[in-house]
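[1] need a structure here:
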Amino acid sequence: MTLEEMVVRIKSHPRIAEAGMILCHNGIVRETSRDGRKVKEIRVKVNHQTLQKIISECKSRPGIIEVLIEVKEGTLKVGDDIMLVAIAGDIREHVFPVLQDLIHQIKQQVSTKEEILW
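    Numbering: from 1, shown residues only. All right, here's what the predicted structure looks like:
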């Protein structure tokens with residue numbers, strides 16, 4: 001699914017009239033690791049069961065209408081999409097913290113990443 005498809009899907013949600021915003025995130029593969037080494041590609045694995053639990057928890061937070069996430073698995077090259085997120089909610093004060101928490105939880109609990117260096 002693309003971010004555009006996520007937005008279309010969210011806009012067809014039965015509660016979309018309650019939303020005041022759709023916040024999107026598109027994480028991609030960087031050419032350098034956090035410590036500055038050159039990255040050739042990465043290998044990603046996803047715990048889908050944990051991801052579903054996190055999505056359910058996020059949907060239960062105040063003001064959140066819908067949460068859609070796709071985390072790519074397998075071998076990814078520099079510039080490839082890793083994570084796509086779209087969140088619909090009523091106001092910024094509700095939606096922005098959910099996106100930040102969600103990304104942090106995915107990186108800590110859902111995905112594992114192995115960098116293949118040059």
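[2] The nearest residue to residue 90 once chain neighbours are set aside: how many residues sit nearby?
    Spatially, and ignoring its direct neighbours in sequence, residue 90 is nearest to residue 63 (4.0 Å; CB to CB, 6 or more residues apart in numbering). Where you see a C-beta, it was placed from the backbone N, CA and C, and this is true even at glycine. Taking other CB atoms under 10 Å as the criterion, the count of residues near residue 63 is 17.
[3] Was I right to think residue 63 contacts residue 87?
    No. In this structure residue 63 lies outside contact range of residue 87 using CB atoms under 8 Å: 10.1 Å.
[4] which residues are common contacts for those two?
    residue 95 (CB atoms under 8 Å, 6 or more residues apart in numbering).
[5] OK, contacts around the residue nearest to residue 90?
    Here residue 63 is in contact with 89-91, 93-95 (CB under 8 Å, 6+ apart).
[6] separation between it and residue 15?
    As judged by CB to CB, to the nearest Å, residue 63 and residue 15 stand 11 Å apart.
[7] Same check on residue 47?
    28 Å.
[8] Geometric centre of this structure: which residue is closest?
    In the chain, the centroid-proximal residue (CA atoms, centre = their mean) is residue 85; its distance is 3.5 Å.
[9] For the helix or strand that one falls within, which strands pair with it and how are they oriented?
    Following DSSP states H and E, one finds residue 85 within strand 81-89. Paired neighbours of strand 81-89 in the sheet (DSSP bridges): strand 21-28 (antiparallel), strand 64-71 (antiparallel).
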